[in-house]
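**Q** Give me coordinates for this.
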Amino acid sequence: MFIVVTLANLYSIVLFIRFIMQWIDKDGTNQINTALKPITEPVLAPIRDKVTFNGIDFSAIVVSLVINIIINVLLR
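**A** From the prediction side, this is the model:
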């Protein structure tokens, strides 16, 4: 269980970095953004249109929260 929790936490960190990168790298050409996109895009793309408000994409935050909720439920 420790490995699953650790991987979920690492993925949440990657999602947070991706969320911050949308402000730093608007055109998506930064090397960090390019490296993170293949890892995160399959999870973020399906919900992106539902959680974008005023041009801000909150999909990374939503997915991170869902991951944390699932981990907390599993650890109880």
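
**Q** which helix of the chain spans the most residues?
**A** Ranked by residue count and defined by DSSP state H, the top helix of the chain is helix 2-24.

**Q** Show me which residues of that one are buried.
**A** A8, Y11, S12, V14, L15, R18, F19, M21, Q22 (16 or more other CB atoms under 10 Å). From N, CA and C alone the C-beta is placed, and that goes for glycine too.

**Q** was I right about the first one contacting N72?
**A** This points to A8. No: counting by CB atoms under 8 Å, A8 does not reach N72; the two are 10.4 Å apart.

**Q** Need the nearest residue in space to K37, chain neighbours excluded.
**A** G28 (7.3 Å; CB to CB, 6 or more residues apart in numbering).

**Q** And S12, by the same measure?
**A** Distances taken as CB to CB, 6+ apart put S64 closest to S12, at 4.4 Å, once the chain neighbours are dropped.

**Q** and of the buried residues of helix 2-24, the nearest to V51?
**A** Distance to V51 across the buried residues of helix 2-24 (CB to CB) is lowest for F19, with 11.3 Å.

**Q** For the closest one, which residues are in contact?
**A** D57, F58, A60, I61, S64 (CB atoms under 8 Å, 6 or more residues apart in numbering).

**Q** Check whether the last one really touches L15, as I assumed.
**A** Yes: contact between S64 and L15 holds when scored by CB under 8 Å: they sit 4.6 Å apart.

**Q** Now stretch 57-74: buried residues?
**A** Buried, per 16+ other CB under 10 Å, within stretch 57-74: D57, F58, S59, A60, I61, V62, V63, S64, I67.
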